[in-house]
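**Q** Next come a sequence and a model predicted from it.
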Number of protein chains: 2
Amino acid sequence: MIRIVVVDDHDVVRKGVIAYLETEADFQVIGEASSGEEGVEVVLKQKPDVVLMDLIMENGNGIEATKRIKEVIPDCKVIVLTSYYDDKQIFPVLEAGAFSYLLKTASAEEIVSAIKKAHHGENVIEPKVAHKVMTRFQGKQATLHDQLTDRELEVLICLANGATNQEIADQLFIGIKTVKTHVSNILRKLEVHDRTQAAVYAHRHHLL
Amino acid sequence: MIRIVVVDDHDVVRKGVIAYLETEADFQVIGEASSGEEGVEVVLKQKPDVVLMDLIMENGNGIEATKRIKEVIPDCKVIVLTSYYDDKQIFPVLEAGAFSYLLKTASAEEIVSAIKKAHHGENVIEPKVAHKVMTRFQGKQATLHDQLTDRELEVLICLANGATNQEIADQLFIGIKTVKTHVSNILRKLEVHDRTQAAVYAHRHHLL
DNA sequence: CGCAAACTCATACTTAAGACTGAGACAAAA
DNA sequence: TTTTGTCTCAGTCTTAAGTATGAGTTTGCG
């Protein structure tokens, strides 16, 4: 039995979805809400297995609600439903902790399938945006240098141009001790052992 | 009056060229030869202004002859004539000291023109190969790193991968003292002040 | 056969690099 | 307000880096 909460501010949509979901033998809709805030309350009280979350609602959006739900009940699978196709939505949604991401143009069968898959630990990402996610991850595979602060990046650029600590200090109008601190932090974050390797890293990753 | 020597092992070609050249009022053919060695002898004795040199001959090629002529009489303009188009020929020919480079498919007027230009200090390079020469020089504009020896280049590659002196020593099976010597020489030749700048140089010039 | 260049190694010296620790100022976020 | 992160700087210590000089070996070239 899969316990479900449906969150959507359009009554007709919510009621319709619930009605359809309950035709499934092993589905049990144990709560519903018409706003993000109300959704969080219901979820925290009912502790469902799966949440169907509308992304765009009048009172508080689905992202904030998802974030708060995942903070308290990490095991809860939140399936985000979005009305229209938009590239930029997907990343904040995933960062918020959403488990699956579907368009409302998806058929009822697809939604049922997504719920079952979510319950078994399988993610469902709308094909149109799935490849966006992939390219994003391929292009950003755990880049070490995005740990660097702005200042550290500045220092690294200077360093990768062949500047000495003293020259970097003069360029950035700071003390050589400060530069040494930055360089040490850079080396640690980039997981290298000296400035030459850091310079090589910078060039290989086209940081200048 | 332009004093000329013609070197070509094909009698008919040589005689024909000479006959045509003498129709020019200010041309004076003061010698001829049918081999490279003989050509050198004649040239050294006659000291002509211009030499028409066939590139490919049975007894000794035109390159060696050109080289020896330029060693003794640097002011002598050697115009090399080659039977067929070949990219690889041009560079040894120029290195030997040839002043101009023409194909035998060139018209009689072109040859006459080339001789006059040579006498006035103007080079003539067959258009088909001229751009080869240009690209060669553009691509090899005084690269600092071509001063490096093979071993130094190996060391530079290691260095530009972020290796320490000790690591380079281990990789190349030599002592760290030797590595230091190489590195010092590399830094001097590349006109940089430390290994980081050397690594930057290597990456900017795509040496690895 | 010299001769020059390249590769090798050594000693001694100087200095920049880097690690480690600690700390004050400041701004944004919880 | 307290916390957290960033930027700043200081002191101390260890070691890698780099310079300068000299020299032995090999290799190729005239």
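**A** Alright, I've got the coordinates.
**Q** can you give me the strands for chain A?
**A** According to DSSP state E, chain A carries its strands in the segments A:2-7, A:27-33, A:50-54, A:77-82, A:100-103.
**Q** Assess the claim that A:Gln166 and A:Lys177 are in contact.
**A** No. Look at A:Gln166 against A:Lys177 with CB atoms under 8 Å: they stay out of range, at 11.0 Å. Quick note: C-beta positions are derived from backbone N, CA and C, even for glycine.
**Q** Which pLDDT value belongs to the residue lying farthest from the centre of chain A?
**A** What lies farthest from the middle of chain A is A:Gln166; by CA atoms, centre = their mean that is 40.8 Å. At A:Gln166, the model reports a pLDDT of 92.
**Q** how close does A:Leu148 get to B:Glu22?
**A** Computed as CB to CB, to the nearest Å, the A:Leu148 to B:Glu22 distance reads 79 Å.
**Q** between the two, which one's more packed in?
**A** With neighbours defined as other CB atoms under 10 Å in any protein chain shown, A:Leu148 and B:Glu22 compare such that A:Leu148 has more, 19 against 12.
**Q** what's near enough to touch the more buried one?
**A** The contact partners of A:Leu148, by CB atoms under 8 Å, 6 or more residues apart in numbering or on different chains, come to A:Leu156, A:Ile186, A:Lys189, A:Leu190.
**Q** give me that answer again for 10 Å
**A** By CB atoms under 10 Å, 6 or more residues apart in numbering or on different chains, A:Leu148 lies in contact with A:Glu154, A:Val155, A:Leu156, A:His182, A:Asn185, A:Ile186, A:Lys189, A:Leu190, A:Leu207.
**Q** which of those residues lies closest to DNA strand D?
**A** A:His182 (5.8 Å; CB to the nearest atom of the strand).
**Q** How many residues are close by the closest one?
**A** Neighbours of A:His182 under the rule other CB under 10 Å: 25.
**Q** That one contacts A:Leu172, doesn't it?
**A** Yes. The pair formed by A:His182 and A:Leu172 meets the contact definition of CB atoms under 10 Å, at 9.0 Å.
**Q** Now do the shared contacts for those two.
**A** Common contacts of A:His182 and A:Leu172 (CB under 10 Å, 6+ apart): A:Arg151, A:Glu154, A:Val155, A:Cys158.
**Q** So what's the residue count around the last one?
**A** Around A:Cys158 there are 22 other residues, counting by other CB under 10 Å.
**Q** And the third one, by the same measure?
**A** A:Val155 has 27 neighbouring residues, counting by other CB under 10 Å.
**Q** quick one, what contacts the closest residue to it other than its chain neighbours?
**A** Nearest residue to A:Val155 in three dimensions, chain neighbours excluded: A:His182, at 4.4 Å (CB to CB, 6 or more residues apart in numbering or on different chains). By CB under 10 Å, 6+ apart, the contact list for A:His182 reads A:148-149, A:151-156, A:158-159, A:165, A:168-169, A:172, A:174.
**Q** Filter the residues you listed down to the buried ones, PyMOL style.
**A** Buried members of the contacts of A:His182, defined by 16 or more other CB atoms under 10 Å in any protein chain shown, are picked up in PyMOL with:
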select buried, chain A and resi 148+152+153+155+156+158+159+165+168+169+172
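**Q** can you put the contacts of A:Leu148 in CSV and add distance to DNA strand D and pLDDT?
**A** Listed next are these as CSV, based on distance: CB to the nearest atom of the strand, whole Å; pLDDT from 0 to 100:
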residue, distance to DNA strand D, pLDDT
A:Glu154, 8, 90
A:Val155, 8, 92
A:Leu156, 11, 93
A:His182, 6, 93
A:Asn185, 8, 92
A:Ile186, 10, 93
A:Lys189, 10, 90
A:Leu190, 14, 90
A:Leu207, 16, 88
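**Q** Farthest pair within those?
**A** Farthest apart among those by CB to CB are A:Asn185 and A:Leu207. That separation is 15.9 Å.
**Q** Please identify the residues of chain A in proximity to DNA strand C?
**A** Proximity of chain A to DNA strand C, by CB under 7 Å from any atom of the strand, involves residues A:164-166, A:180-181, A:183-184, A:187-188, A:193-196.
**Q** May I see those organised as CSV, with distance to A:Thr66 added?
**A** What follows is the residues of chain A next to DNA strand C, written out as CSV (distance: CB to CB, whole Å):
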residue, distance to A:Thr66
A:Thr164, 49
A:Asn165, 46
A:Gln166, 50
A:Lys180, 43
A:Thr181, 39
A:Val183, 40
A:Ser184, 39
A:Leu187, 38
A:Arg188, 34
A:His193, 42
A:Asp194, 44
A:Arg195, 43
A:Thr196, 45
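**Q** among the residues you listed, which are in reach of chain B?
**A** By CB under 10 Å from any CB of the partner chain, the members of those lying near chain B are A:Thr164, A:His193, A:Asp194, A:Arg195, A:Thr196.
**Q** now that we have the residues you listed, which one has the most neighbours?
**A** A:Thr196 (25 neighbours).
**Q** Test my guess that that residue contacts B:Leu156.
**A** No. With contact defined as CB under 10 Å, A:Thr196 does not count as touching B:Leu156 (11.8 Å).
**Q** list the residues that contact both of the two?
**A** The contact sets of A:Thr196 and B:Leu156 overlap at B:Arg195, B:Ala198, B:Ala199 (CB under 10 Å, 6+ apart).
**Q** closest to DNA strand D among the residues you listed?
**A** Distances from DNA strand D to these, taken as CB to the nearest atom of the strand, are shortest for B:Arg195 (3.3 Å).
**Q** show me what contacts the closest one?
**A** A:162, A:194-196, A:199, B:156, B:159-160, B:162-165, B:183, B:186-187.
**Q** per-residue confidence at it?
**A** Here the pLDDT value assigned to B:Arg195 is 96.
**Q** do the same with A:Phe137
**A** A:Phe137 is assigned 52 on the pLDDT scale.
**Q** picking up where we left off before, just the ones of the contacts of A:His182 in helices?
**A** The members of those that map onto helices under DSSP state H are A:Arg151, A:Glu152, A:Leu153, A:Glu154, A:Val155, A:Leu156, A:Cys158, A:Leu159, A:Asn165, A:Ile168, A:Ala169, A:Leu172.
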